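>>> show me how the following folds:
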Amino acid sequence: MTQVLHEPTRSGRSAAGWVDEVAGKLARREGRNDSARDMEILGWCREAATQFADARVQAFVPLLVERIVGDRIRRDRVGRGCAPAVMECAGREVSR
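Sure thing, here's the model as predicted:
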């Protein structure tokens with residue numbers, strides 16, 4: 001039997017659903033419990049997701065969005081002068 005690799009898989013979650021999941025995960029990892037910051041992260045996730053709206057393969061889009069927004073969060077921390085080592089430790093504790 002031949003399998004077509006480029007054929008999209010159907011998942012049970014909508015695009016908005018996985019974007020919300022990724023944004024929530026990143027917000028929890030940051031550990032600020034700040035609704036304004038959470039909304040900012042959600043906006044960044046939506047913005048990053050639009051880059052891949054027409055991608056033929058959608059399976060890895062949530063991971064790509066998580067990486068893009070995670071990098072943006074790290075750059076934002078450095079820009080604000082936060083200690084990266086402390087923030088990384090906090091992120092590891094939250095994700096357990």
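>>> check which helix or strand covers Trp44.
Following DSSP states H and E, one finds Trp44 within helix 35-50.
>>> contacts for that helix, please.
15, 19-20, 22-24, 26-27, 30, 32, 61, 64-65, 68-69, 72-73 (Cβ atoms under 8 Å, 6 or more residues apart in numbering). Backbone N, C-alpha and C define where each C-beta goes, glycine included.
>>> which residue is nearest the centroid of the protein?
Residue closest to the mean C-alpha point of the chain, counted by Cα atoms, centre = their mean, is Glu66 at 2.6 Å.
>>> roughly how far apart are it and Ala53?
Plainly put, Glu66 is 17 Å away from Ala53 if you go by Cβ to Cβ, to the nearest Å.
>>> kindly report the same for Gly24.
On the measure of Cβ to Cβ, Gly24 and Ala53 end up 21 Å apart.
>>> which one of the two has more residues nearby?
With neighbours defined as other Cβ atoms under 10 Å, Gly24 and Ala53 compare such that Gly24 has more, 14 against 9.
>>> now the more buried one: closest residue in space, sequence neighbours ignored.
Asp38 (7.8 Å; Cβ to Cβ, 6 or more residues apart in numbering).
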